[in-house]
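Asker: how would this look folded up:
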Amino acid sequence: MKVKVEGRRNSYRDLLVWQKSMILAKEVYLLSGNFPKEEMYGLTSQIRRSAISVPSNIAEGRGRGGDREFVRFLQIALGSLYELQTQMELAQQLGLTENIESVIGLSYELEKMINSLITSKGGRNG
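Answerer: Have a look, this model is predicted:
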C-alpha cells in the first residue's frame with residue numbers, strides 16, 4: 001500500500017507505522033459500514049474518528065520537525081488507538097459486529113510499533 005511521492009524523502013508516508021495505521025482505518029471504515037443506521041451518529045462515528053486519528057496524528061507529528069513534537073503526537077495516536085480498541089470491544093459486546101479479530105490484532109501490532117517508536121525517539125511509553 002506504500003504510496004511514493006516524487007522528490008520527497010523522509011515523509012510520514014515512508015513510515016511503516018503510518019502505512020499500517022491507514023490499513024487499520026480502512027478496515028474500521030469497512031467494518032463499521034455494517035453497523036445499524038441508528039448508530040451512524042453514535043458508536044459508528046466515534047469509532048471512525050478514533051481510527052482516522054491514529055494515522056493523522058502520526059502524519060502531523062512527523063511534519064512538526066522535531067523528535068519532541070513527534071513523540072507528543074505519537075502519544076496522542078496511541079491514545080486514539082486505545083479508544084478504538086475499547087470502542088471495538090463495546091461494538092462486539094453490543095452485537096454490532098462479530099469480526100473484530102483482524103482489527104484488534106492490527107491495533108495491538110500498531111500499539112507495539114508506536115511504543116517502540118516513542119522509546120527510540122527518547123520519549124516515555126510507560
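Asker: for this structure, what spans make up the helices?
Answerer: 16-32, 43-63, 67-93, 101-120 (DSSP state H).
Asker: Just the buried residues of the second one, please?
Answerer: When you say that, I think you mean helix 43-63. Residues of helix 43-63 classed as buried: 43-44, 46-48, 50-62 (neighbour count, 16 or more other Cβ atoms under 10 Å). From N, CA and C alone the C-beta is placed, and that goes for glycine too.
Asker: Look up the closest residue to the residue most central in space within the chain, ignoring the ones flanking it.
Answerer: For the chain, the residue sitting closest to the mean C-alpha position, by Cα atoms, centre = their mean, is Val54 at 3.1 Å. Of all residues not flanking Val54 in the chain, Ser21 sits nearest, at 4.4 Å (Cβ to Cβ, 6 or more residues apart in numbering).
Asker: pretty sure that neighbour is touching Asn57, no?
Answerer: No. In this structure, Ser21 is not within contact of Asn57 by Cβ atoms under 8 Å, at 9.0 Å.
Asker: can you list residues touching both of these two?
Answerer: Ala77 (Cβ atoms under 8 Å, 6 or more residues apart in numbering).
Asker: List the residues that contact Leu84.
Answerer: Shown in contact with Leu84 (Cβ under 8 Å, 6+ apart): Leu24, Val28, Ile47, Ser50, Ala51, Val54, Val103, Ser107.
Asker: what about the residue nearest to the third one when sequence neighbours are not counted, neighbour count?
Answerer: If I follow you right, that is Ile47. Residue nearest to Ile47 in three dimensions, not counting chain neighbours: Gln87, with 4.7 Å by Cβ to Cβ, 6+ apart. Residues lying near Gln87 (other Cβ atoms under 10 Å) number 21.
Asker: Asn34 versus Gln87, what's the distance?
Answerer: Here the criterion is Cβ to Cβ, to the nearest Å. By it, Gln87 lies 15 Å from Asn34.
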